[in-house]
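Participant: Dropping the sequence and predicted coords here.
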Amino acid sequence: MLKLNFFGAFMIVTFAVISVSGGKTKTGEYKNGVLTDQQFGYTMTIPDNWRVKTLDEPSIERALFLKRNYEINRTIKDLGGEFTIPEISVFARPDSLTPAAFLEQLKIEVASHKSADNIISQLDLITTGEFSMMQQTMIDSVPTIQAIFKKNYSRKLEVDPNDARYRQYGGLLVQNEWLVNEIYILSHKGRLFVIQTFAEREFYPMNREEFRKIVGSLKFIDLVQTTPAATETPAGK
């Protein structure tokens, strides 16, 4: 999750991803608007207004997408403070766990505020997450669980106590807010996929369809062979 201060946002270096640097193997390749992960056997189509980042192998997180053009709360623009960019993360691992079982584990561990699961611990829901609802959908003809979680947080803004608009707050304005998290969970050929999308509450409606279009673009492909081919034995040996 990327939280930024409005006055420091221009310092972000645009990362367009997907080149292999330092000889390290990456979790995917992004070319002509399509992300391909040969290791876990899928592609996703990403619009131009999203930055795409892959990770160094080995990695449970396979890809990260950050929106380029996004809205910022007007109060943040006026006073400064932290805001969150709409984001999509893709996680995958070999696992026989069903999507329903993973969701139940996620709900329990979010409620108990602790988890050792290497995907759940990266969703940033353990401390202040709250389960809202779930429904069934399909991605590339694979049954998928789509669950909604809220992540509650406090937005703190420093204000001028001499300004009549904020005098009652004594120099610090605290707003209770939340992020809307959509979690997609599906299983395919012994691999568990968890895709997380989120945006700030007030900007979730305007991002929802774009989130769902990107997630829905996931297509499964043949896995790349990672085991060496068997050596042929010459005839008569």
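Facilitator: Nice, thanks for sending it over.
Participant: If the closest residue to residue 75 other than its chain neighbours is in a bridge, with which residues?
Facilitator: Excluding the flanking residues, the one nearest residue 75 by Cβ to Cβ, 6 or more residues apart in numbering is residue 157, at 6.5 Å. (Each C-beta comes from the backbone N, C-alpha and C, glycine too.) As for beta bridges, residue 157 partners with residue 173 under DSSP bridges.
Participant: residue contacts, residue 157?
Facilitator: 75-76, 79-81, 172-175 (Cβ atoms under 8 Å, 6 or more residues apart in numbering).
Participant: Quick one: buried ones out of those residues?
Facilitator: Among these, those scoring as buried are 76, 79, 81, 173 (criterion: 16 or more other Cβ atoms under 10 Å).
Participant: Against residue 201, how distant is the nearest residue to the second one once chain neighbours are set aside?
Facilitator: Read it as residue 79. Counting by Cβ to Cβ, 6+ apart, residue 157 is the residue found nearest to residue 79 once chain neighbours are left out, at 4.8 Å. Counting by Cβ to Cβ, to the nearest Å, the gap from residue 157 to residue 201 is 16 Å.
Participant: any weak-confidence spans in the chain?
Facilitator: Flagging of the chain using pLDDT under 70 yields the residue ranges 1-23, 225-237.
Participant: Run the chain-centre distance for the helix or strand harbouring residue 212.
Facilitator: Element membership for residue 212, per DSSP states H and E: helix 204-216. For helix 204-216, the separation from the chain centroid amounts to 12 Å (computed by Cα atoms, centre = their mean, to the nearest Å).
Participant: which other residues reach it?
Facilitator: So helix 204-216 is in contact with 44-47, 50, 65, 67, 71, 86, 88, 139, 180, 182, 184, 195, 197-199, going by Cβ under 8 Å, 6+ apart.
Participant: cool, and stretch 117-133?
Facilitator: Contacts for stretch 117-133 (Cβ under 8 Å, 6+ apart): 1, 60-61, 89, 91, 93, 105-107, 109-111, 113-115, 147-153, 181, 183, 192, 194, 196.
Participant: Roughly how far does residue 114 sit from residue 124?
Facilitator: For residue 114, the distance to residue 124 - Cβ to Cβ - is 14 Å.
Participant: The helix or strand residue 137 falls within pairs with which strands, and in what direction?
Facilitator: Using DSSP H and E, residue 137 maps to strand 129-139. Paired with strand 129-139 in the same sheet, following DSSP bridges, are strand 142-158 (antiparallel).
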